[in-house]
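Peer 1: pasting the structure only:
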């Protein structure tokens, strides 16, 4: 494997996307989830992107790429379907020390964006090193079935308990609870059995309210 996996904090950071089609839309959807400050440069936009522009979620510059467009960015994406243009964007990115990804052009990429499954703070990613994107997609779809929406609440509960017990000098109680009752808690969350969740937590840790956990 020639890539080093890393999760980036992009909240409030500028990311430039060159191109405004469906592929750009897919990239931008993930960038919006991460809270990036997105600038899109393209002669035209896909319908989904127009909605995000109107709602103020991204800034749109209506024209083709020009050298200098990457100024101030931390990341850049080329989604132009023009290999020569992507090469020019990559050259500017190299000059500015900006990480660049060209869709379907691994030779022009400083990084690749893996397929991902997001369940709140739980993030699962799959990569084939750019060799077989269709396989990454197939594995992602399987993971979506294995890790349902209940995992968002599961992670939230575990995070709350980690803080709650740590503040009380009881952090050593968390892992035994996870080993013995983690599956029961997960099943209760999956069924939205809030009484069952409350009972499990009270039996293990004392009085805890669902309001405190913020999971309903």
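Peer 2: Here it is on my side, so go on. Note that the structure is predicted; figures quoted are calculated from it, not measured.

Peer 1: the bottom helix or strand of this protein by mean pLDDT?
Peer 2: Least confident helix or strand of the chain, by mean pLDDT, DSSP states H and E, is helix 210-213 with a mean of 67.

Peer 1: now the helices: where do they sit in this protein?
Peer 2: 22-33, 47-54, 83-96, 133-146, 150-167, 174-190, 194-205, 210-213 (DSSP state H).

Peer 1: gap between the second one and the chain center?
Peer 2: This points to helix 47-54. Centroid separation for helix 47-54 versus its chain: 20 Å, with CA atoms, centre = their mean, to the nearest Å.

Peer 1: what packs against it?
Peer 2: Helix 47-54 is packed against helix 22-33, strand 59-62, with contacts defined by 3 or more CB pairs under 8 Å, 6 or more residues apart in numbering; DSSP states H and E. For the C-beta atoms, the positions are set from N, CA and C on the backbone; glycine is no exception.

Peer 1: Now the first one: buried residues?
Peer 2: Translated: helix 22-33. Neighbour counts using 16 or more other CB atoms under 10 Å place 23-25, 27-28, 31 of helix 22-33 among the buried residues.

Peer 1: Outside of that helix itself, which residues are in contact with it?
Peer 2: If you take CB atoms under 8 Å, 6 or more residues apart in numbering as the criterion, helix 22-33 is touched by 10, 15, 17, 38, 40, 42, 46, 48-49, 52, 57-58, 77, 79, 103, 113, 116, 118.

Peer 1: Now, these that are in strands?
Peer 2: Cross-referencing those against strands under DSSP state E gives 15, 17, 38, 40, 42, 77, 116, 118.

Peer 1: and these, which two are the farthest apart?
Peer 2: Largest separation among these by CB to CB: 42 and 118, giving 25.8 Å.

Peer 1: Compare neighbour counts for the two and give me the winner.
Peer 2: Taking neighbours as other CB atoms under 10 Å, residue 42 and residue 118 compare with residue 42 leading, 21 against 16.

Peer 1: coming back round to it: just put the helices of the chain in a markdown table and tack on distance to residue 71.
Peer 2: Compiled in a markdown table, the helices of the chain are given as follows (distance: least, CB to CB, whole Å):
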| stretch | distance to residue 71 |
| --- | --- |
| helix 22-33 | 18 |
| helix 47-54 | 21 |
| helix 83-96 | 7 |
| helix 133-146 | 30 |
| helix 150-167 | 37 |
| helix 174-190 | 46 |
| helix 194-205 | 50 |
| helix 210-213 | 44 |
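
Peer 1: Quick one, which of those gets closest to residue 5.
Peer 2: Nearest to residue 5 among the helices of the chain is helix 133-146; the distance by CB to CB comes to 13.2 Å.

Peer 1: how far does the closest one sit from the chain's center?
Peer 2: 15 Å.

Peer 1: Please apply the same query to stretch 92-100.
Peer 2: Its chain's C-alpha centre lies 22 Å from the corresponding centre of stretch 92-100 when counted by CA atoms, centre = their mean.

Peer 1: quick one: buried residues of that stretch?
Peer 2: Neighbour-count burial for stretch 92-100 flags 92-93, 98-100 (criterion: 16+ other CB under 10 Å).
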